[in-house]
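Undergrad: Let's see this in three dimensions:
(chains A and B)
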Amino acid sequence: GENVEQHPSTLSVQEGDSAVIKCTYSDSASNYFPWYKQELGKRPQLIIDIRSNVGEKKDQRIAVTLNKTAKHFSLHITETQPEDSAVYFCAADYGQNFVFGPGTRLSVLP
Amino acid sequence: NAGVTQTPKFQVLKTGQSMTLQCAQDMNHEYMSWYRQDPGMGLRLIHYSVGAGITDQGEVPNGYNVSRSTTEDFPLRLLSAAPSQTSVYFCASSYRADTGELFFGEGSRLTVL
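TA: Down below sits the predicted model:
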């Protein structure tokens, strides 16, 4: 069935360290994998996405990697800052809709 | 552009009452959807629409109805509210159904007593 797993559920890092969040998906037909950031009390907002014809994409301190064979993709945040503290959701497209992972709460400690 | 507008932001209902959550977008997006967000469970799809006159069920459709009479509007109706429907609801729209950024509304926090 349609499923996206996400690990870890919570992650604490020291400011300046890197953070990695991993997701796996079940449908080999999925082609689009976005990541959303949700700050406390706010709406989710897209921070980066990747399509199946690309293995890696980078945007400043954020990068996403995709392994279609293994059906998993990861979010990498380098040089973390306090404003990176939020809940991060991965998602995969399943035809006409998106399925989201359960989220990772990232805390960046000063 | 206002983006995606949801109303109301907060609502308290008694068990058995009905209500409608309104959602409107001004970006001419074909795809619109409703999610509910519960602690530890991410965003679960309730209903979605790929264009005016077309709706379909998501992962958790029971107890909810939708309609899409125009491109702009996608209301979510709770037929007979239950405590299990206490949640935060998000409406989201996208230019394309399968690949493209989802734009979320601000969310509606619903409490059913």
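Undergrad: what does chain B put close to chain A?
TA: B:31, B:33, B:35, B:40-45, B:48, B:50, B:56, B:58-59, B:90, B:97-102, B:104-107 (C-beta under 8 Å from any C-beta of the partner chain). For glycine as for every other residue, the C-beta is placed from the backbone atoms N, C-alpha and C.
Undergrad: quick one: least confident helix or strand in chain A?
TA: Every helix and strand of chain A was ranked by mean pLDDT, DSSP states H and E. The lowest is strand A:97-100, at a mean of 88.
Undergrad: Which ones among the residues of chain B next to chain A map onto strands?
TA: B:31, B:33, B:35, B:43-45, B:48, B:50, B:56, B:90, B:104 (DSSP state E).
Undergrad: Got the confidence number for the residue nearest to the spatial centre of chain B?
TA: The C-alpha lying nearest the average C-alpha coordinate of chain B belongs to B:Trp34 (C-alpha atoms, centre = their mean; 2.9 Å). Here the pLDDT value assigned to B:Trp34 is 97.
Undergrad: roughly how far apart are the closest residue in space to it that isn't next to it in sequence and B:Lys14?
TA: Computed as C-beta to C-beta, 6 or more residues apart in numbering or on different chains, the closest residue to B:Trp34 that is not its neighbour in sequence is B:Ile46, at 4.4 Å. Distance, B:Ile46 to B:Lys14, using C-beta to C-beta, to the nearest Å: 21 Å.
Undergrad: now B:Thr70
TA: Applying C-beta to C-beta, the value for B:Thr70 to B:Lys14 is 31 Å.
Undergrad: Identify the bridge partners of B:Gln6.
TA: B:Cys23 (DSSP bridges).
Undergrad: for A:Lys58, same thing?
TA: Taking DSSP bridges as the rule, A:Lys58 bridges to A:Ala63.
Undergrad: so how far is A:Leu75 from it?
TA: For A:Lys58 relative to A:Leu75 (C-beta to C-beta), the value is 11 Å.
Undergrad: do A:Ala92 as well
TA: 13 Å.
Undergrad: Many thanks, have a good one.
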